[in-house]
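[1] Give the three-dimensional model of this entry:
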Amino acid sequence: MRWLVGLFLLAQGAGLPAAAVTCEDIDHLGASYTICEVTADEDLQLFLRDSAGDILGGFSAVENDTGRELAFAMNAGMYHQNRDPVGHYIEDGIQESRVISSDGPGNFGLLPNGVFCIADTLRVFETFDYLDRQPNCTHAVQSGPMLVIDSALHPQFIANGKSKFIRNGVGTSSDGSRAVFAISNNAVNFHDFGTLFRDRLSLPDALYFDGKISRLYAPSLNRSDFGWQLGSIVGVLN
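    Predicted coordinates:
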């Protein structure tokens with residue numbers, strides 16, 4: 001029996017790599033969410049097209065194209081009918097589409113919206129702040145609306161809003177060292193989704209990715225959502 005204990009302790013202390021992403025189910029205001037936390041030193045990327053230039057559209061396609069396994073992934077940002085990004089998009093330092101700073105129809109145009117930037121740090125920027133700062137993002141995707149801006153909820157959110165959907169998004173810590181991705185497992189309104197990031201996760205800035213089509217790949221939870229073909233995808237490669 002001692003040798004079993006010894007092997008366990010050896011494995012615990014032998015410098016084995018920690019899981020790249022920590023995912024868990026949590027409750028907030030009577031709804032269930034799955035959250036996945038990623039630190040800035042992980043291989044977090046955006047994925048849109050394969051090596052032939054075609055839209056990947058799904059989690060398995062990312063793995064097939066890169067030849068690597070995903071530790072975590074979810075849809076990231078809104079897309080047109082052809083699945084091109086609605087707003088700003090950068091992948092591997094190459095800009096595919098520009099920033100859209102004007103208001104417009106739908107959730108994307110519900111200003112303020114924002115940009116999720118992957119660089120040495122992980123940041124959610126309000127769009128005009130992003131334009132002012134011009135951060136050097138290796139990967140970036142614009143979406144909207146912002147959920148939390150400097151620890152304040154989006155000004156147009158209503159506490160008892162009747163519009164409820166499965167929703168997903170990302171929040172970042174004040175020092176840029178980590179990002180927390182969340183998807184609701186129940187239909188929720190924007191207000192409650194925003195308070196998840198501000199009050200439950202204590203993150204000062206958070207951005208909405210999408211609703212209805214929201215999907216998560218979290219192998220540590222034996223979860224791989226299926227459904228519509230996706231546009232841009234965010235994920236961590238092992």
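
[2] Have a look at this structure and report its longest strand.
    In the chain, with assignment by DSSP state E, the single longest strand is strand 31-39.

[3] partners of that one, with directions?
    When sheet partners are counted by DSSP bridges, strand 31-39 sits next to strand 22-28 (antiparallel), strand 178-184 (antiparallel).

[4] and the next element down the chain from that strand?
    Downstream of strand 31-39, the first helix or strand assigned by DSSP states H and E is strand 44-47.

[5] who does that following strand touch, helix- and strand-wise?
    Under the contact criterion of 3 or more Cβ pairs under 8 Å, 6 or more residues apart in numbering; DSSP states H and E, strand 44-47 touches helix 59-66, strand 89-91, strand 114-118, strand 139-143, strand 233-237. All C-beta spots, glycine's among them, are computed from the backbone N, C-alpha and C.

[6] Can I get those in CSV including distance to T39 and mean pLDDT?
    Output for the helices and strands packed on strand 44-47, formatted as CSV (distance: least, Cβ to Cβ, whole Å; pLDDT from 0 to 100):
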stretch, distance to T39, mean pLDDT
helix 59-66, 20, 97
strand 89-91, 21, 98
strand 114-118, 12, 98
strand 139-143, 16, 98
strand 233-237, 10, 98
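
[7] could I get those as CSV with mean neighbour count and distance to F190?
    CSV is the format used below for those (neighbours: other Cβ atoms under 10 Å; distance: least, Cβ to Cβ, whole Å):
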stretch, mean neighbour count, distance to F190
helix 59-66, 18, 26
strand 89-91, 22, 23
strand 114-118, 27, 14
strand 139-143, 26, 13
strand 233-237, 22, 20
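
[8] any chance of those in JSON lines, plus distance to M78?
    Below are these laid out as JSON lines (distance: least, Cβ to Cβ, whole Å):
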{"stretch": "helix 59-66", "distance to M78": "18"}
{"stretch": "strand 89-91", "distance to M78": "11"}
{"stretch": "strand 114-118", "distance to M78": "12"}
{"stretch": "strand 139-143", "distance to M78": "6"}
{"stretch": "strand 233-237", "distance to M78": "13"}
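
[9] The residue lying closest to F128 once chain neighbours are set aside and G77: what is the separation?
    Leaving aside its sequence neighbours, F128 sits nearest to S101 (Cβ to Cβ, 6 or more residues apart in numbering; 6.5 Å). Going from S101 to G77 by Cβ to Cβ, to the nearest Å gives 16 Å.

[10] So which of the strands paired with strand 31-39 is the most surrounded?
    strand 178-184 (a mean of 24; mean count of other Cβ atoms under 10 Å).

[11] Next, the angle from that one to strand 233-237.
    Strand 178-184 and strand 233-237 are oriented at 130 degrees to each other (axes from the mean of the first three to the mean of the last three Cα atoms, to 10 degrees).

[12] for the following helix or strand past strand 178-184, packing partners?
    For strand 178-184, the following helix or strand on the C-terminal side (DSSP H and E) is helix 190-195. Secondary structure elements in contact with helix 190-195, counted by 3+ Cβ pairs under 8 Å, 6+ apart, are strand 146-149, strand 152-153, strand 167-172, strand 205-211.
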